[in-house]
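K.L.:
Next input, structure requested:
(one chain, ligands or ions: 1)
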Amino acid sequence: MSGGHAHRSAPADGGRERVDWLRREIERHNYRYYVLDDPEVSDAEFDELMRELETLEAAHPEWVTPDSPTQRVGGAPAEGFDPVRHRRPMLSLANGFDADEIRDFDRRVRERLARETGDPERVAAAVTYMAEPKLDGLAISLIYQDGRLVQAATRGDGETGEDVTANLRTVRSIPLHLGDRFTAEAPRVLEVRGEVFMRRSDFQRLNRGLEADGLRGFMNPRNAAAGSLRQLDSRVTARRPLSFFAYAVGYVEGGRLPDTQSGTLDWLRGLGFPVCPEREVLEGVENCLAYYRRLAERRPELDYEIDGLVYKVDDLAAQQLLGDVSRAPRWAIAHKFPAEERTTTLRDVEFSVGRTGALTPVARLEPVLVGGVMVSNATLHNMDEIARKDVRIGDRVIVRRAGDVIPEVVGRAGGERPPKNRVIEMPARCPECGSHVERPEGEVVARCTGGLVCPAQRREALKHFVSRRAMDIEGFGEKLIEQLVEGDRVHTPAELFALDRETLEGLERVGPKLARNLLDSLEASRTTTLGRFIFALGIREVGEVTARNLAAYFGDLDALMQADAETLQAVPDVGPIVAEHIANFFAEPHNREVIRALREAGIHWPVPERDAVGDAAANAPLEGNTYVLTGSFEDMTREEARAALEARGAKVTGSVSGRTTAVIAGVDPGSKVVKAESLGVPVLGPDELNTLLGRAG
Ligand code: IVH
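P.N.:
Predicted structure coming up:
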């Protein structure tokens with residue numbers, strides 16, 4: 001039922017059936033109100049149904065279910081948010097800032113599609129895109145099992161988010177169950193992804209209310225939405241006017257799905273999800289650009305804030321062929337609106353010291369509202385930039401904020417410069433530790449030479465070490481790390497593992513319970529992956545992807561530590577400069593000592609390691625084989641599967657060809673399976689993958 005045809009005859013008052021009927025009626029009216037924008041009853045009539053249901057549930061508490069509309073008022077405060085591992089990673093989007101960047105994107109799409117399908121004519125064929133606004137809210141994932149909302153999570157870092165089910169149940173426009181609209185063809189498990197946001201009108205009303213109560217209002221709708229979503233007390237969330245638009249389907253089990261992006265959104269709308277009414281299907285890139293001009297003009301009149309548009313290849317099979325690159329799909333791009341700029345006074349410049357000792361000039365500004373956010377600090381990047389922009393302390397400067405990036409000083413505003421304005425100079429000594437600052441010839445960045453003597457470098461290195469994508473040691477927030485460093489309790493990452501209960505309880509705002517949790521998370525983090533460990537070391541220029549490549553290539557840490565710069569360059573992503581940083585890092589006795597201490601503290605990674613020497617068959621049983629992974633796997637991410645295969649000598653590529661040994665398909669595989677079948681390439685499943693990896697199935 002799509003909300004059109006109405007009430008079946010209402011069951012008699014007071015019984016269990018009446019309760020079920022009331023719930024369906026209420027959900028149906030919600031759907032008509034929030035999704036179709038076409039209510040059938042007045043607010044008063046709606047309230048009456050709600051009250052009747054509340055009364056019945058109060059008389060029969062055993063009838064209350066978590067997905068009853070009465071539960072949208074929220075429940076008792078939670079202690080924290082549990083982590084949720086996304087079954088498929090939640091990706092981010094590449095950005096384009098002008099028409100040429102969008103045309104480049106479109107060209108890459110056409111060229112790649114031609115290559116992937118082996119049909120050179122596709123380079124010239126226009127691609128159909130689905131375009132819609134890029135909402136300035138928060139991405140969330142909703143899991144429905146047999147049509148019932150069972151879990152809602154934030155995006156987090158894309159791999160792991162936070163469980164906010166109790167909070168999202170209170171959002172009126174999110175269906176709690178898909179009810180009659182959920183047909184037999186629908187998937188057993190359905191993950192719907194979309195954006196939670198606050199409408200401008202709701203935001204203004206909320207702020208007026210807060211201010212009338214003597215409370216401080218929120219800066220902008222995005223902060224209001226984020227603040228409301230991450231409430232431990234879901235009753236607070238329930239009182240906040242949050243909205244939701246669905247924009248994609250994530251993980252699915254069973255059922256049949258539409259084969260286009262636009263078809264998916266229509267289907268979701270039919271299931272009861274609000275979707276953005278501004279979405280359009282467009283032929284070719286020039287139509288996307290025309291859509292951009294239309295939307296830019298209409299932007300002020302929309303009741304929600306958008307920071308750009310998103311263009312997605314409409315054909316889902318084509319999306320599969322295009323695949324992803326470094327956490328973003330190749331089949332989509334965000335076309336950003338120009339960032340907002342404002343003029344203010346540069347009061348002073350201070351230098352902040354980063355993890356690698358780099359000194360970054362930070363502008364202290366006369367506070368100014370930029371795009372709804374009060375900005376009082378902005379980055380000046382480095383001394384060359386300062387020289388190029390010719391800014392001095394006391395100048396009027398232009399400040400820009402683009403989306404959620406750090407605000408920056410773009411340059412000097414026009415007008416006369418008072419002669420008293422001071423030239424900005426790089427300090428000779430580190431503001432944090434007093435060590436000598438050096439700027440090697442030809443380098444843009446000046447660095448503190450204090451190394452781990454410098455509290456700022458220690459602090460930043462530790463923050464990086466414990467961070468989610470690195471060792472993921474929960475509970476060690478910024479404040480705690482600062483205390484540990486300032487109190488001289490921890491100097492190296494290894495010393496974290498020597499912390500005991502007493503030391504922790506001696507810290508500010510750490511009670512026995514937190515201390516125990518901290519010790520538990522240290523314990524849990526002792527088992528990790530080699531990739532995470534390498535990333536956590538904080539080697540210059542070694543990001544997550546490079547770290548994983550290193551782990552996959554070398555398979556064990558000792559081999560990596562002994563590798564010279566030349567060997568290192570054989571690793572994908574590693575050029576001469578990065579290779580040198582890596583080799584230098586491991587040549588440094590202090591670093592070797594920290595690594596030794598970390599291993600002694602029990603840090604280990606269970607993936608079977610390759611011996612440094614030994615026979616190839618034992619160490620690289622899959623040498624010479626080439627695999628393609630598609631779909632998602634239950635007990636590991638695709639990246640992990642790739643690393644594990646590569647660690648055993650296999651090659652893993654993105655596209656199927658006659659040379660492919662086999663395609664390994666997880667849940668919800670893409671068109672690669674079709675291609676494999678057409679080429680006669682074997683298709684293996686998750687169990688066979690485990691066998692290949694030498695794991696018990
Ligand atoms: S699609 C793989 N569509 O943008 C593509 N994202 O940078 C996944 N966002 O965190 C996203 N509006 O929160 C998509 N219409 C839209 C969007 C949208 C806002 C956000 C989303 C995500 C970020 C990606």
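K.L.:
Show me what Arg447 is bridged to.
P.N.:
With DSSP bridges applied, Arg447 shows beta-bridge pairing to Ala358, Glu438.
K.L.:
List the contacts of whichever strand or helix holds Asp307.
P.N.:
Using DSSP states H and E, Asp307 sits within strand 306-313. The contact list for strand 306-313 (C-beta atoms under 8 Å, 6 or more residues apart in numbering) reads 93, 95, 102, 105, 109, 127-136, 247, 261, 282, 288, 291-292, 295, 299, 319, 322, 331-337, 403. Glycine gets a C-beta too; all of them are placed from N, C-alpha and C.
K.L.:
Among these, which lie within strands?
P.N.:
95, 128-135, 247, 282, 332-336 (DSSP state E).
K.L.:
out of these, which touch the ligand?
P.N.:
Subset of the ones in strands among the contacts of strand 306-313 in contact with the ligand: 132, 134-135, 247, 332, 334, counting by C-beta under 6 Å from any ligand atom.
K.L.:
now those residues in JSON lines, with neighbour count and pLDDT?
P.N.:
As requested, these are arranged in JSON lines below (neighbours: other C-beta atoms under 10 Å; pLDDT from 0 to 100):
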{"residue": "Glu132", "neighbour count": "23", "pLDDT": "97"}
{"residue": "Lys134", "neighbour count": "22", "pLDDT": "96"}
{"residue": "Leu135", "neighbour count": "26", "pLDDT": "94"}
{"residue": "Tyr247", "neighbour count": "24", "pLDDT": "97"}
{"residue": "Ala332", "neighbour count": "23", "pLDDT": "97"}
{"residue": "Ala334", "neighbour count": "20", "pLDDT": "96"}
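K.L.:
Farthest-apart pair in those, please.
P.N.:
The most widely separated members of these are Leu135 and Ala332, with 14.4 Å between them, by C-beta to C-beta.
K.L.:
how about the residues of this protein near the ligand?
P.N.:
Contact residues, the chain versus the ligand (C-beta under 6 Å from any ligand atom): 91-93, 132, 134-135, 139, 155, 195, 247-248, 310, 329, 332, 334.
K.L.:
Show me which of those residues is closest to Gly506.
P.N.:
Using C-beta to C-beta, those come closest to Gly506 at Arg155, 36.1 Å.
K.L.:
List the contacts of that closest one.
P.N.:
With C-beta under 8 Å, 6+ apart, Arg155 has these contacts: 90, 138-141, 161.
K.L.:
How about Ala114?
P.N.:
Per C-beta under 8 Å, 6+ apart, neighbours of Ala114: 120-123.
K.L.:
Among those residues, name the buried ones.
P.N.:
Arg122 (16 or more other C-beta atoms under 10 Å).
K.L.:
Which members of the contacts of Ala114 occur in strands, if any?
P.N.:
Of the contacts of Ala114, none are assigned to strands by DSSP E.
K.L.:
Need the contacts of Ala114 in TSV (columns: pLDDT).
P.N.:
Output for those, formatted as TSV (pLDDT from 0 to 100):
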residue	pLDDT
Pro120	93
Glu121	92
Arg122	91
Val123	93
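K.L.:
Among the contacts of Ala114, which one sits closest to Glu505?
P.N.:
The closest of the contacts of Ala114, once distances to Glu505 are taken by C-beta to C-beta, is Arg122, at 64.7 Å.
K.L.:
Looks to me like Arg342 is in a helix.
P.N.:
No - counting by DSSP: H, G, I helix; E, B strand; the rest coil, Arg342 is not part of a helix but strand.
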